[in-house]
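> requesting a structural model of the entry that follows:
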Amino acid sequence: MTTVDAMLRRLEAGDDAPSAASYAYANLAAPMLIGTLVTIAGFVPIGFAQSSAGEYTFSIFAVVAIALLVSWAVAVLFAPVVGAALLKANAAPKSDPEPDAVTRAYIRLLSKAIQYRYLTIGGILGLFALSIWAVQFVPQQFFPASDRTELLVDISLPQASSLRASEVVTMRLEKIIAEDPDVDRWSSYIGRGAIRFYLPLNVQLPNDFFSQLVIVTKDVAGRHRLHAKLEKLLTEDFPDAVTRVYPLELGPPVGWPLQYRISGPDIDKLRDLSSSLADVMAAHSEARQVNFDWKEPARQLRVNIDQDQARRMGYTSEALAAVLNTTVSGSRITQLRDGIYLIDVVARARQEDRIALENLQTLQVPLNNGRTVPLGQFATFEAYQEQPIVWRRGRIPTLTVQADVAEGASAEDIVGAIR
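Modelled structure (predicted):
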(Lines give C-alpha, C1' and ligand atoms only; values in the text may rest on other atoms or scores of the structure.)
Protein backbone atom coordinates (compact mmCIF):
# COMPACT_ATOMS: atom_id res chain seq x y z
CA MET A 1 0.00 0.00 0.00
CA THR A 2 2.81 2.43 0.84
CA THR A 3 4.59 1.82 -2.47
CA VAL A 4 1.46 2.09 -4.60
CA ASP A 5 0.31 5.26 -2.81
CA ALA A 6 3.73 6.89 -3.32
CA MET A 7 3.76 5.97 -7.02
CA LEU A 8 0.28 7.38 -7.57
CA ARG A 9 1.24 10.65 -5.92
CA ARG A 10 4.37 11.00 -8.09
CA LEU A 11 2.43 10.16 -11.26
CA GLU A 12 -0.13 12.82 -10.37
CA ALA A 13 2.73 15.26 -9.80
CA GLY A 14 3.85 14.70 -13.40
CA ASP A 15 6.62 12.08 -13.09
CA ASP A 16 6.83 9.32 -15.66
CA ALA A 17 6.34 5.66 -14.64
CA PRO A 18 10.05 4.72 -14.18
CA SER A 19 10.71 7.84 -12.11
CA ALA A 20 7.64 7.21 -9.91
CA ALA A 21 8.67 3.60 -9.39
CA SER A 22 12.27 4.48 -8.48
CA TYR A 23 11.04 7.24 -6.14
CA ALA A 24 9.15 4.67 -4.07
CA TYR A 25 12.30 2.59 -3.67
CA ALA A 26 14.77 5.43 -3.11
CA ASN A 27 12.72 7.24 -0.46
CA LEU A 28 10.69 4.50 1.26
CA ALA A 29 12.76 1.30 1.17
CA ALA A 30 14.90 2.16 4.22
CA PRO A 31 12.02 3.39 6.45
CA MET A 32 9.93 0.33 5.56
CA LEU A 33 12.88 -1.97 6.30
CA ILE A 34 13.42 -0.32 9.68
CA GLY A 35 9.72 -0.74 10.52
CA THR A 36 9.91 -4.38 9.44
CA LEU A 37 12.94 -5.03 11.64
CA VAL A 38 11.26 -3.33 14.61
CA THR A 39 8.25 -5.62 14.21
CA ILE A 40 10.51 -8.68 13.97
CA ALA A 41 12.38 -7.52 17.09
CA GLY A 42 9.14 -7.75 19.04
CA PHE A 43 9.21 -11.55 18.54
CA VAL A 44 12.87 -12.00 19.50
CA PRO A 45 12.15 -12.80 23.19
CA ILE A 46 9.94 -15.79 22.33
CA GLY A 47 12.16 -16.85 19.45
CA PHE A 48 15.35 -17.15 21.48
CA ALA A 49 14.01 -18.00 24.95
CA GLN A 50 16.22 -20.70 26.49
CA SER A 51 13.34 -22.92 27.61
CA SER A 52 10.87 -25.48 26.35
CA ALA A 53 8.49 -22.59 25.61
CA GLY A 54 11.18 -21.04 23.40
CA GLU A 55 11.54 -24.30 21.47
CA TYR A 56 7.78 -24.40 21.06
CA THR A 57 7.44 -20.79 19.85
CA PHE A 58 10.57 -20.43 17.72
CA SER A 59 8.55 -21.35 14.64
CA ILE A 60 6.27 -18.35 15.27
CA PHE A 61 9.31 -16.04 15.29
CA ALA A 62 10.73 -17.69 12.17
CA VAL A 63 7.47 -17.47 10.21
CA VAL A 64 6.88 -13.82 11.15
CA ALA A 65 10.46 -12.82 10.29
CA ILE A 66 10.44 -14.59 6.93
CA ALA A 67 6.98 -13.30 6.01
CA LEU A 68 7.81 -9.67 6.87
CA LEU A 69 11.16 -9.69 5.06
CA VAL A 70 9.60 -11.25 1.96
CA SER A 71 6.78 -8.70 2.07
CA TRP A 72 9.35 -5.88 2.25
CA ALA A 73 11.16 -7.29 -0.78
CA VAL A 74 7.86 -7.50 -2.65
CA ALA A 75 7.02 -3.90 -1.69
CA VAL A 76 10.30 -2.39 -2.86
CA LEU A 77 11.03 -4.59 -5.89
CA PHE A 78 8.00 -6.40 -7.26
CA ALA A 79 5.30 -3.79 -6.56
CA PRO A 80 7.15 -0.92 -8.37
CA VAL A 81 7.71 -3.11 -11.46
CA VAL A 82 4.05 -4.10 -11.64
CA GLY A 83 2.92 -0.57 -10.73
CA ALA A 84 4.97 0.96 -13.55
CA ALA A 85 3.05 -1.21 -16.02
CA LEU A 86 -0.44 -0.86 -14.55
CA LEU A 87 -0.78 2.45 -12.67
CA LYS A 88 -1.94 5.56 -14.50
CA ALA A 89 -2.17 9.12 -13.21
CA ASN A 90 -5.67 10.52 -12.69
CA ALA A 91 -6.81 12.85 -15.46
CA ALA A 92 -7.76 15.52 -12.95
CA PRO A 93 -5.69 15.06 -9.78
CA LYS A 94 -7.70 15.68 -6.67
CA SER A 95 -6.41 18.07 -4.06
CA ASP A 96 -5.86 16.77 -0.57
CA PRO A 97 -9.02 17.02 1.55
CA GLU A 98 -9.16 19.37 4.50
CA PRO A 99 -7.89 17.48 7.58
CA ASP A 100 -10.43 16.68 10.28
CA ALA A 101 -10.15 17.60 13.93
CA VAL A 102 -8.27 14.45 14.93
CA THR A 103 -5.73 14.89 12.13
CA ARG A 104 -5.20 18.56 13.01
CA ALA A 105 -4.62 17.65 16.66
CA TYR A 106 -2.12 14.97 15.64
CA ILE A 107 -0.27 17.46 13.38
CA ARG A 108 0.00 19.94 16.26
CA LEU A 109 1.25 17.25 18.64
CA LEU A 110 3.80 16.00 16.11
CA SER A 111 5.02 19.53 15.43
CA LYS A 112 5.53 20.20 19.15
CA ALA A 113 7.33 16.84 19.58
CA ILE A 114 9.73 17.72 16.77
CA GLN A 115 10.18 21.25 18.07
CA TYR A 116 11.08 19.97 21.57
CA ARG A 117 12.84 16.85 20.38
CA TYR A 118 15.20 16.48 23.32
CA LEU A 119 12.33 16.70 25.77
CA THR A 120 10.41 14.16 23.69
CA ILE A 121 13.34 11.70 23.62
CA GLY A 122 13.86 12.15 27.37
CA GLY A 123 10.19 11.47 28.07
CA ILE A 124 10.24 8.31 25.95
CA LEU A 125 13.35 7.05 27.77
CA GLY A 126 11.68 7.82 31.11
CA LEU A 127 8.57 5.86 30.11
CA PHE A 128 10.80 2.98 29.00
CA ALA A 129 12.57 2.92 32.37
CA LEU A 130 9.20 3.10 34.14
CA SER A 131 7.94 0.11 32.14
CA ILE A 132 11.01 -1.93 33.08
CA TRP A 133 10.39 -1.16 36.76
CA ALA A 134 6.66 -1.87 36.54
CA VAL A 135 7.06 -5.26 34.84
CA GLN A 136 7.60 -6.84 38.28
CA PHE A 137 3.92 -6.20 39.02
CA VAL A 138 2.69 -7.98 35.89
CA PRO A 139 1.75 -11.68 36.38
CA GLN A 140 4.14 -13.81 34.35
CA GLN A 141 2.57 -16.77 32.59
CA PHE A 142 3.70 -17.58 29.08
CA PHE A 143 0.75 -19.82 28.19
CA PRO A 144 -2.61 -19.58 30.01
CA ALA A 145 -4.98 -22.50 30.35
CA SER A 146 -7.16 -23.45 27.39
CA ASP A 147 -10.76 -22.25 27.24
CA ARG A 148 -12.01 -25.64 26.04
CA THR A 149 -14.59 -27.46 28.13
CA GLU A 150 -12.49 -30.57 28.86
CA LEU A 151 -11.23 -31.26 32.35
CA LEU A 152 -8.52 -33.84 33.12
CA VAL A 153 -8.38 -35.86 36.33
CA ASP A 154 -5.19 -37.78 37.20
CA ILE A 155 -5.34 -40.47 39.87
CA SER A 156 -2.11 -42.04 41.16
CA LEU A 157 -2.35 -44.76 43.78
CA PRO A 158 0.67 -46.03 45.72
CA GLN A 159 3.09 -47.38 43.14
CA ALA A 160 2.74 -50.98 44.30
CA SER A 161 -1.01 -50.92 43.58
CA SER A 162 -2.55 -53.30 41.10
CA LEU A 163 -4.54 -52.57 37.97
CA ARG A 164 -7.62 -53.89 39.76
CA ALA A 165 -7.18 -51.32 42.54
CA SER A 166 -7.00 -48.52 39.96
CA GLU A 167 -10.15 -49.84 38.30
CA VAL A 168 -12.07 -49.86 41.60
CA VAL A 169 -11.11 -46.25 42.38
CA THR A 170 -11.93 -45.08 38.85
CA MET A 171 -15.35 -46.75 38.83
CA ARG A 172 -16.11 -45.18 42.19
CA LEU A 173 -15.33 -41.72 40.82
CA GLU A 174 -17.34 -42.41 37.65
CA LYS A 175 -20.47 -43.05 39.72
CA ILE A 176 -20.05 -39.64 41.33
CA ILE A 177 -19.48 -37.62 38.16
CA ALA A 178 -22.34 -39.42 36.40
CA GLU A 179 -24.75 -37.58 38.73
CA ASP A 180 -23.20 -34.13 38.26
CA PRO A 181 -25.37 -31.79 36.14
CA ASP A 182 -22.33 -29.99 34.68
CA VAL A 183 -20.92 -33.16 33.10
CA ASP A 184 -21.78 -33.88 29.48
CA ARG A 185 -19.68 -37.04 28.94
CA TRP A 186 -16.38 -38.56 29.96
CA SER A 187 -13.78 -41.19 29.09
CA SER A 188 -11.73 -43.26 31.54
CA TYR A 189 -8.25 -44.70 30.97
CA ILE A 190 -7.16 -47.25 33.58
CA GLY A 191 -3.49 -48.16 33.80
CA ARG A 192 -2.51 -45.48 31.28
CA GLY A 193 -3.17 -41.91 30.24
CA ALA A 194 -5.49 -40.59 27.55
CA ILE A 195 -4.46 -40.88 23.92
CA ARG A 196 -3.13 -37.69 22.32
CA PHE A 197 -6.43 -36.17 21.23
CA TYR A 198 -4.99 -32.67 21.76
CA LEU A 199 -1.51 -31.64 20.58
CA PRO A 200 -0.14 -30.11 23.85
CA LEU A 201 -1.52 -32.99 25.94
CA ASN A 202 0.93 -34.25 28.58
CA VAL A 203 0.75 -37.96 27.68
CA GLN A 204 1.27 -40.23 30.71
CA LEU A 205 3.26 -43.44 30.80
CA PRO A 206 1.31 -46.69 31.27
CA ASN A 207 1.39 -47.85 34.90
CA ASP A 208 -0.95 -50.13 36.84
CA PHE A 209 -1.30 -47.57 39.63
CA PHE A 210 -2.32 -44.68 37.34
CA SER A 211 -5.69 -43.72 35.86
CA GLN A 212 -6.88 -40.67 33.96
CA LEU A 213 -10.35 -39.32 33.20
CA VAL A 214 -11.20 -36.84 30.45
CA ILE A 215 -14.43 -35.08 31.42
CA VAL A 216 -16.28 -32.90 28.92
CA THR A 217 -18.47 -30.32 30.64
CA LYS A 218 -21.43 -28.51 29.12
CA ASP A 219 -19.75 -25.09 29.15
CA VAL A 220 -16.71 -23.26 30.52
CA ALA A 221 -18.63 -22.01 33.57
CA GLY A 222 -19.61 -25.61 34.33
CA ARG A 223 -15.95 -26.60 33.98
CA HIS A 224 -14.98 -24.12 36.69
CA ARG A 225 -17.74 -25.35 39.00
CA LEU A 226 -16.83 -29.00 38.44
CA HIS A 227 -13.14 -28.23 38.98
CA ALA A 228 -13.80 -26.85 42.45
CA LYS A 229 -16.16 -29.69 43.38
CA LEU A 230 -13.78 -32.43 42.23
CA GLU A 231 -10.79 -30.95 44.05
CA LYS A 232 -12.72 -30.96 47.32
CA LEU A 233 -14.19 -34.41 46.69
CA LEU A 234 -10.89 -36.06 45.81
CA THR A 235 -9.13 -34.54 48.81
CA GLU A 236 -11.80 -35.72 51.26
CA ASP A 237 -12.92 -39.07 49.79
CA PHE A 238 -9.73 -40.32 48.10
CA PRO A 239 -7.01 -39.58 50.67
CA ASP A 240 -4.79 -42.51 49.62
CA ALA A 241 -4.43 -41.27 46.05
CA VAL A 242 -2.42 -38.40 44.60
CA THR A 243 -4.95 -36.60 42.43
CA ARG A 244 -4.87 -33.58 40.17
CA VAL A 245 -7.72 -31.80 38.40
CA TYR A 246 -6.74 -29.38 35.64
CA PRO A 247 -7.92 -28.00 32.28
CA LEU A 248 -6.12 -28.52 29.00
CA GLU A 249 -2.94 -26.52 28.57
CA LEU A 250 -1.80 -24.20 25.81
CA GLY A 251 1.76 -24.43 24.62
CA PRO A 252 4.18 -27.22 25.50
CA PRO A 253 2.90 -29.66 28.14
CA VAL A 254 3.98 -28.72 31.66
CA GLY A 255 2.41 -31.23 34.04
CA TRP A 256 2.83 -30.24 37.69
CA PRO A 257 3.70 -26.51 37.59
CA LEU A 258 6.06 -26.75 40.60
CA GLN A 259 8.86 -29.29 40.24
CA TYR A 260 12.14 -29.60 42.13
CA ARG A 261 14.60 -32.34 41.21
CA ILE A 262 17.06 -33.80 43.71
CA SER A 263 19.80 -36.00 42.27
CA GLY A 264 22.35 -38.21 43.99
CA PRO A 265 23.61 -41.78 44.23
CA ASP A 266 22.16 -42.54 47.70
CA ILE A 267 18.43 -43.30 47.46
CA ASP A 268 17.89 -43.13 51.23
CA LYS A 269 19.51 -39.69 51.30
CA LEU A 270 17.31 -38.58 48.40
CA ARG A 271 14.20 -39.64 50.29
CA ASP A 272 15.24 -37.69 53.40
CA LEU A 273 16.09 -34.54 51.45
CA SER A 274 12.88 -34.73 49.42
CA SER A 275 10.81 -34.94 52.62
CA SER A 276 12.50 -31.80 53.95
CA LEU A 277 11.91 -29.98 50.67
CA ALA A 278 8.27 -31.12 50.60
CA ASP A 279 7.76 -29.57 54.06
CA VAL A 280 9.10 -26.25 52.78
CA MET A 281 6.84 -26.36 49.72
CA ALA A 282 3.77 -27.36 51.73
CA ALA A 283 4.33 -24.40 54.07
CA HIS A 284 3.53 -22.01 51.22
CA SER A 285 -0.15 -21.11 51.29
CA GLU A 286 -0.61 -21.34 47.50
CA ALA A 287 1.13 -24.72 46.95
CA ARG A 288 -1.27 -27.66 46.61
CA GLN A 289 -0.97 -31.45 46.53
CA VAL A 290 2.76 -31.75 47.25
CA ASN A 291 3.86 -35.23 46.11
CA PHE A 292 6.76 -37.23 44.66
CA ASP A 293 7.22 -38.92 41.30
CA TRP A 294 8.63 -41.93 43.18
CA LYS A 295 9.45 -42.53 46.80
CA GLU A 296 7.36 -45.08 48.64
CA PRO A 297 8.86 -48.61 48.74
CA ALA A 298 6.84 -51.72 47.94
CA ARG A 299 6.81 -55.07 49.73
CA GLN A 300 8.25 -57.90 47.70
CA LEU A 301 8.57 -61.63 48.21
CA ARG A 302 11.88 -63.29 47.41
CA VAL A 303 12.01 -67.06 46.82
CA ASN A 304 15.37 -68.50 47.90
CA ILE A 305 16.04 -71.86 46.24
CA ASP A 306 18.28 -74.51 47.78
CA GLN A 307 20.10 -75.26 44.56
CA ASP A 308 21.58 -78.57 45.72
CA GLN A 309 18.21 -79.92 46.84
CA ALA A 310 16.51 -78.64 43.67
CA ARG A 311 19.07 -80.35 41.44
CA ARG A 312 18.56 -83.64 43.26
CA MET A 313 14.91 -83.41 42.28
CA GLY A 314 15.75 -82.54 38.69
CA TYR A 315 14.79 -78.88 38.83
CA THR A 316 16.58 -75.73 37.75
CA SER A 317 15.79 -72.19 38.87
CA GLU A 318 14.27 -71.52 35.44
CA ALA A 319 11.93 -74.49 35.69
CA LEU A 320 10.83 -73.53 39.20
CA ALA A 321 10.23 -69.96 38.05
CA ALA A 322 7.96 -71.32 35.29
CA VAL A 323 5.98 -73.37 37.84
CA LEU A 324 5.54 -70.35 40.14
CA ASN A 325 4.62 -68.09 37.24
CA THR A 326 1.96 -70.54 36.08
CA THR A 327 0.52 -70.78 39.59
CA VAL A 328 0.51 -67.07 40.44
CA SER A 329 0.23 -65.20 37.12
CA GLY A 330 -0.91 -67.98 34.80
CA SER A 331 0.34 -69.23 31.47
CA ARG A 332 -1.41 -69.35 28.10
CA ILE A 333 -2.46 -72.85 27.08
CA THR A 334 -4.50 -72.05 23.97
CA GLN A 335 -6.52 -69.35 22.23
CA LEU A 336 -10.16 -68.93 21.25
CA ARG A 337 -11.28 -66.93 18.24
CA ASP A 338 -13.99 -64.32 18.64
CA GLY A 339 -14.60 -62.86 15.20
CA ILE A 340 -11.34 -61.21 14.22
CA TYR A 341 -9.92 -61.37 17.76
CA LEU A 342 -7.89 -64.10 19.48
CA ILE A 343 -8.58 -64.52 23.19
CA ASP A 344 -5.99 -66.18 25.42
CA VAL A 345 -7.04 -69.07 27.66
CA VAL A 346 -4.88 -68.83 30.79
CA ALA A 347 -4.38 -71.60 33.35
CA ARG A 348 -3.49 -70.60 36.91
CA ALA A 349 -4.28 -71.54 40.51
CA ARG A 350 -7.41 -70.42 42.30
CA GLN A 351 -7.25 -67.00 43.92
CA GLU A 352 -7.31 -68.37 47.46
CA ASP A 353 -4.30 -70.52 46.60
CA ARG A 354 -2.35 -67.60 45.13
CA ILE A 355 -2.66 -64.82 47.69
CA ALA A 356 -1.51 -66.62 50.86
CA LEU A 357 2.16 -67.30 51.63
CA GLU A 358 1.27 -70.51 53.43
CA ASN A 359 -0.34 -71.88 50.31
CA LEU A 360 2.78 -71.15 48.25
CA GLN A 361 4.92 -73.04 50.75
CA THR A 362 2.75 -76.10 50.31
CA LEU A 363 2.50 -75.70 46.54
CA GLN A 364 2.94 -79.14 44.98
CA VAL A 365 5.74 -79.20 42.43
CA PRO A 366 5.57 -82.14 39.95
CA LEU A 367 8.63 -84.36 39.59
CA ASN A 368 9.80 -86.33 36.59
CA ASN A 369 8.60 -89.62 38.12
CA GLY A 370 5.01 -88.39 38.39
CA ARG A 371 5.14 -87.61 42.10
CA THR A 372 4.91 -84.16 43.68
CA VAL A 373 6.71 -82.47 46.55
CA PRO A 374 5.86 -79.22 48.38
CA LEU A 375 7.83 -76.19 47.30
CA GLY A 376 8.77 -75.51 50.92
CA GLN A 377 11.06 -78.58 50.93
CA PHE A 378 13.70 -76.82 48.87
CA ALA A 379 12.67 -73.14 48.96
CA THR A 380 12.29 -70.46 51.60
CA PHE A 381 10.36 -67.22 51.36
CA GLU A 382 11.67 -63.83 52.46
CA ALA A 383 9.72 -60.58 52.60
CA TYR A 384 11.62 -57.38 51.87
CA GLN A 385 11.11 -53.85 50.54
CA GLU A 386 12.34 -52.27 47.33
CA GLN A 387 11.63 -49.25 45.15
CA PRO A 388 9.17 -50.25 42.40
CA ILE A 389 10.26 -47.21 40.33
CA VAL A 390 13.52 -45.24 40.35
CA TRP A 391 13.80 -42.40 37.86
CA ARG A 392 17.28 -41.43 36.70
CA ARG A 393 18.65 -38.42 34.85
CA GLY A 394 22.09 -38.95 33.34
CA ARG A 395 22.07 -42.37 35.06
CA ILE A 396 21.90 -40.67 38.49
CA PRO A 397 18.83 -41.39 40.68
CA THR A 398 16.67 -38.26 40.61
CA LEU A 399 13.62 -37.70 42.81
CA THR A 400 11.20 -34.95 41.83
CA VAL A 401 9.12 -33.11 44.43
CA GLN A 402 6.13 -31.66 42.62
CA ALA A 403 3.04 -29.66 43.48
CA ASP A 404 0.10 -27.81 42.00
CA VAL A 405 -0.67 -24.12 42.55
CA ALA A 406 -3.83 -22.45 43.78
CA GLU A 407 -6.17 -20.97 41.19
CA GLY A 408 -4.94 -17.56 40.09
CA ALA A 409 -1.51 -18.05 41.64
CA SER A 410 1.71 -17.79 39.66
CA ALA A 411 4.22 -20.60 39.81
CA GLU A 412 6.99 -18.03 39.30
CA ASP A 413 5.96 -16.11 42.44
CA ILE A 414 5.79 -19.30 44.51
CA VAL A 415 9.23 -20.40 43.31
CA GLY A 416 10.65 -17.02 44.30
CA ALA A 417 9.11 -17.23 47.77
CA ILE A 418 10.29 -20.82 48.30
CA ARG A 419 13.80 -19.92 47.17
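
> next, Q50: phi, psi?
When quoted as degrees, to the nearest 10, the phi and psi of Q50 stand at phi -80, psi 70.

> and it, how close does it get to L230?
Q50 sits 36 Å away from L230, taking CB to CB, to the nearest Å as the criterion. C-beta here means a position set from N, CA and C on the backbone, and glycine is covered the same way.

> ok, those two, which is more surrounded?
Residue environment comparison for Q50 versus L230 gives the larger neighbour count to L230, 21 against 7, counting by other CB atoms under 10 Å.

> any idea how far L173 is from the more buried one?
In this structure, L230 and L173 are 9 Å apart, going by CB to CB.

> wasn't E179 part of a helix?
No: assigned with DSSP: H, G, I helix; E, B strand; the rest coil, E179 falls outside any helix and is coil.

> check it and give its pLDDT.
E179 is assigned 92 on the pLDDT scale.

> show me what the lowest-mean-pLDDT helix or strand in the chain is in contact with.
Taking mean pLDDT, DSSP states H and E as the measure, helix 351-354 is the helix or strand of the chain with the lowest mean score, a mean of 74. Outside helix 351-354, the residues within contact range by CB atoms under 8 Å, 6 or more residues apart in numbering are T327, V328, R348, N359, L360, L363.

> buried sites along that helix?
Neighbour-count burial for helix 351-354 flags no residue at all (criterion: 16 or more other CB atoms under 10 Å).

> stretch 398-418 now?
Along stretch 398-418, these residues count as buried under the neighbour rule (16+ other CB under 10 Å): T398, L399, T400, V401, Q402, A403, D404, V405, A409, A411, I414, V415.

> so the third one: helix, strand or coil?
Following three-state DSSP, the label given to T400 is strand.

> not counting residues beside it along the chain, what's closest to it?
Ranked by CB to CB, 6 or more residues apart in numbering and with sequence neighbours excluded, the top spatial neighbour of T400 is D293, at 4.3 Å.

> quick one: pLDDT of that neighbour?
Looking at D293, its pLDDT reads 92.

> surely it is in contact with P397?
No: with the criterion set as CB atoms under 8 Å, D293 and P397 do not qualify as a contacting pair; they are 11.5 Å apart.

> for the two, list the residues in contact with both.
Between them, D293 and P397 share these contacting residues under CB under 8 Å, 6+ apart: W391.

> tell me which stretches of the stretch 1-150 of the chain form strands.
If you assign secondary structure with DSSP state E, counting those that start in this stretch, the strands in the stretch 1-150 of the chain sit at 150-156.

> how about the stretch 251-400 of the chain?
In chain order, the stretch 251-400 of the chain shows strands spanning 258-263, 287-292, 298-305, 331-338, 341-347, 364-366, 372-374, 379-386, 392-393, 396-405, with DSSP E, counting those that start in this stretch as the criterion.

> the domain parsing of this structure - what is it?
2-137, 143-255, 298-386 (automatic domain parsing).

> comparing those domains, which comes out most buried?
domain 143-255 (a mean of 16; mean count of other CB atoms under 10 Å).

> give the contact list for the most centrally placed residue in the chain.
The centre of the chain sits closest to P253, judged by CA atoms, centre = their mean, with a distance of 1.4 Å. By CB under 8 Å, 6+ apart, the contact set of P253 is P200, L201, N202, V203.

> what's near enough to touch the second one?
This means L201. Here L201 is in contact with A194, L248, E249, P253 (criterion: CB under 8 Å, 6+ apart).

> so the closest residue in space to the third one that isn't next to it in sequence, which of the three states?
Pointing back at E249 there. Nearest residue to E249, sequence neighbours excluded (CB to CB, 6+ apart): P200, at 5.2 Å. When the structure is reduced to helix, strand and coil (three-state DSSP), P200 reads as coil.

> for P200, grab phi and psi.
Summarising the backbone geometry of P200 under the convention degrees, to the nearest 10, its torsions are phi -80, psi 10.

> does it touch P247 like I think?
No: proximity of P200 to P247 does not meet the contact threshold set by CB under 8 Å, at 11.4 Å.
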